[in-house]
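Visitor: pasting the structure only:
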């Protein structure tokens, strides 16, 4: 294939999911996945004075639920690996400051949860840590004003736009045997497909998510049928069509074995445009609904491929095209 | 000590520095360390049309020098772990896109180089990669307009302010035995010391850098005298005084065994206020001057503790205090 010697990780000794926690805003809490979240805030302010403080509250709440469910105190957590969509990742660093746990910031936009899980797995695998929390968040108000237009501007968006999810997911990884384990992962390459429309994220993301999906299958010599679920994040309705088409052209057929976190997050009555997006979208779906499915035995083995777009107002103003990346991780039920 | 069970990393099999590369802007290239940089651009634009493209050029140039000096092609690099100070780390992701190497974004502001080196060392230590490039950058124009005030505003700064360095440092880590190795590291905790003046970074950083220094010494049961150089980044003149005072109060005396990257970067004739700062400051000093000292045998063992402040215009506008972190790494000469 002439590809670079890029490495896929296969954990000889699996890393186990000890627990997870999620928190979301009101819109996400009225959607189809409402029952899978640990905490639903009834206002975008999450009881705080501004959106930035609200995003911090979201992240802190998700981590607190994760620690409580994992029956562990923050004193027993060796490291917090986290990132979020606010400039300079203020939400993550402020939560790390609250918790007083050593902190490593990571950033891959919408693919941040998977990047943080991969890094956490490496620390645990090497014997450098026993318990690591990987977490991420996004907040509609914080992200919209940073990247696109101030929400107050009330600009009409094209229908292919996506809605940034207000939510946070946290996951505690460790060595103690549980029902769900992390066994494989692939970090992706950054691509630039020439799209410079910051609303058309499905089109930007889908080819990157497809590339990482294909690469992971190729490197691990697996087929789609080795998984009973392929999860993507966050392509939305438009990106999902493009993604399935790219895979179909390679002879890989996806239908009901494929779910997209952006599509699952809202029902059409909520008018979410093409679906959810933002780091909190895949994070809340993975840490809530999808882990539940594995724990309950409804699914055995999932390939989760999350995509991220690197958006920055200055670059958008300069009409630059938008770089994109996708990272993959495999979650399976311990038999 | 009642501290959390935060872990310090000690690499049983040391990770070796294969090569490094640096590039800087005109001001840094006229300073005392001029001779240690691989590339000095004569203009802040680095031959590009805008500062954002210039920062990308800086980072790409540093990585190219690193690969050339390491006699390795980008095809043999397993992963690029990088971050920078531009919002959403656009410089790093765009360079990753150019290079087509798998990419993981990390962010700890001025402590980003050390965070990326620690993560790289973990990948290599676990056998998941042979060669990883860790890199970071900052650009005076990009960072000043993002965080503080547009440069065109020409606001007078207080004398305790620091000058954001235009520069990039890249380091190639691997397993092949060389003259310099990475043997220990500690990731730090985020602190908030209540300072909300974005110009007073020395005061924000110094206690965090001191905490991580003391913690690393305590966890590894070492004394200052176990190192022939303690390097901090980037305290500047003001922060250096505070840092030395904190350590002095603990009975630890620092004088000529301590150097600060922010102080070393400029001479006073260049009017850098209290010294250099930004992710590119420690990165260019470590990847240039300090590695040279180790290679030439002028120093044997360095504890490098770099600090980062999480700055964000929205938070500064909200008068919030500034969170800060410091990460440590030990570089030693192979005997």
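Guide: Structure received. Computed from a prediction, not measured in an experiment: that's the story for all the values here. Numbering: from 1, shown residues only, chains lettered A, B, ... in the order given.
Visitor: so residue A:38 sits right up against residue A:19, yeah?
Guide: No. Using CB atoms under 8 Å, residue A:38 makes no contact with residue A:19, being 10.3 Å away. All C-beta spots, glycine's among them, are computed from the backbone N, C-alpha and C.
Visitor: what residues are shared contacts of the two?
Guide: residue A:69 (CB atoms under 8 Å, 6 or more residues apart in numbering or on different chains).
Visitor: and the helix or strand containing residue A:56 with chain B, contact?
Guide: Element membership for residue A:56 (DSSP states H and E) is helix A:51-69. Yes. Judged by CB under 8 Å from any CB of the partner chain, helix A:51-69 comes into contact with chain B through residue A:52.
Visitor: quick check: mean pLDDT across that helix?
Guide: The pLDDT scores in helix A:51-69 average 97.
Visitor: Mind checking what helix or strand follows it in sequence?
Guide: Per DSSP H and E, the first helix or strand lying C-terminal to helix A:51-69 is strand A:79-84.
Visitor: That next one versus helix A:51-69: what angle between them?
Guide: Counting by axes from the mean of the first three to the mean of the last three CA atoms, to 10 degrees, strand A:79-84 lies at 140 degrees to helix A:51-69.
Visitor: can you pull out the helices in the stretch 51-200 of chain A?
Guide: A:51-69, A:90-99, A:112-125, A:140-147 (DSSP state H, counting those that start in this stretch).
Visitor: Which among these is found nearest to residue A:180?
Guide: helix A:112-125 (11.9 Å; CB to CB).
Visitor: Give me the contact status of that closest one with chain B.
Guide: Yes. Applying CB under 8 Å from any CB, one finds helix A:112-125 touching chain B at A:115, A:118, A:119, A:122, A:123, A:125.
Visitor: so which of those comes closest to residue B:188?
Guide: Using CB to CB, residue A:123 comes nearest to residue B:188 of the residues of helix A:112-125 next to chain B, at 15.0 Å.
Visitor: Settle this for me: that closest one is touching residue B:121, isn't it.
Guide: No. The pair residue A:123 / residue B:121 is not scored as a contact, 10.9 Å apart, by CB under 8 Å.
Visitor: got the residues of the stretch 201-335 of chain A near chain B?
Guide: A:310, A:311, A:312, A:313, A:314, A:315, A:318, A:323, A:325.
Visitor: switch the cut-off to 7 Å
Guide: For the stretch 201-335 of chain A, the residues in contact with chain B (CB under 7 Å from any CB of the partner chain) are A:310, A:311, A:312, A:314, A:315, A:318, A:323, A:325.
Visitor: Just the buried residues of those.
Guide: Neighbour counting by 16 or more other CB atoms under 10 Å in any protein chain shown classes A:310, A:311, A:312, A:314, A:315, A:323, A:325 among those as buried.
Visitor: Give me the subset of these lying in strands.
Guide: A:323, A:325 (DSSP state E).
Visitor: Would you agree residue A:257 is in contact with residue A:226?
Guide: No. The criterion here is CB atoms under 7 Å, and residue A:257 misses it with residue A:226 at 10.8 Å.
Visitor: more crowded one of the two?
Guide: Neighbours per residue (other CB atoms under 10 Å in any protein chain shown) separate residue A:257 from residue A:226, with residue A:257 holding more: 16 against 12.
Visitor: Show the contacting residues for the more buried one.
Guide: For residue A:257, the contact set (CB atoms under 7 Å, 6 or more residues apart in numbering or on different chains) comprises A:224, A:228, A:229, A:230.
Visitor: Turn the residues you listed into TSV, columns for neighbour count, distance to residue A:273 and pLDDT.
Guide: Formatted as TSV, the contacts of residue A:257 follow (neighbours: other CB atoms under 10 Å in any protein chain shown; distance: CB to CB, whole Å; pLDDT from 0 to 100):
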residue	neighbour count	distance to residue A:273	pLDDT
A:224	17	28	95
A:228	16	30	95
A:229	19	25	97
A:230	22	23	98
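Visitor: Secondary structure added to those, as a markdown table?
Guide: A markdown table is the format used below for the contacts of residue A:257 (DSSP: H, G, I helix; E, B strand; the rest coil):
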| residue | secondary structure |
| --- | --- |
| A:224 | helix |
| A:228 | coil |
| A:229 | strand |
| A:230 | strand |
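Visitor: Once you drop chain neighbours, what's closest to residue A:29?
Guide: residue A:40 (3.1 Å; CB to CB, 6 or more residues apart in numbering or on different chains).
Visitor: Which strands or helices does the longest strand seen in chain A pack on?
Guide: Longest strand in chain A by number of residues, with DSSP E as the criterion: strand A:8-24. Counting contacts by 3 or more CB pairs under 7 Å, 6 or more residues apart in numbering or on different chains; DSSP states H and E, strand A:8-24 packs against helix A:51-69, helix A:112-125, strand A:167-174, strand A:180-186.
Visitor: and the residue of the stretch 151-300 of chain A found nearest chain B, what does it touch?
Guide: Nearest residue of the stretch 151-300 of chain A to chain B, counting by CB to the nearest CB: residue A:190, 4.0 Å away. Residues in contact with residue A:190 (CB under 7 Å, 6+ apart) are A:323, A:324, A:325, B:93, B:96, B:97, B:103.
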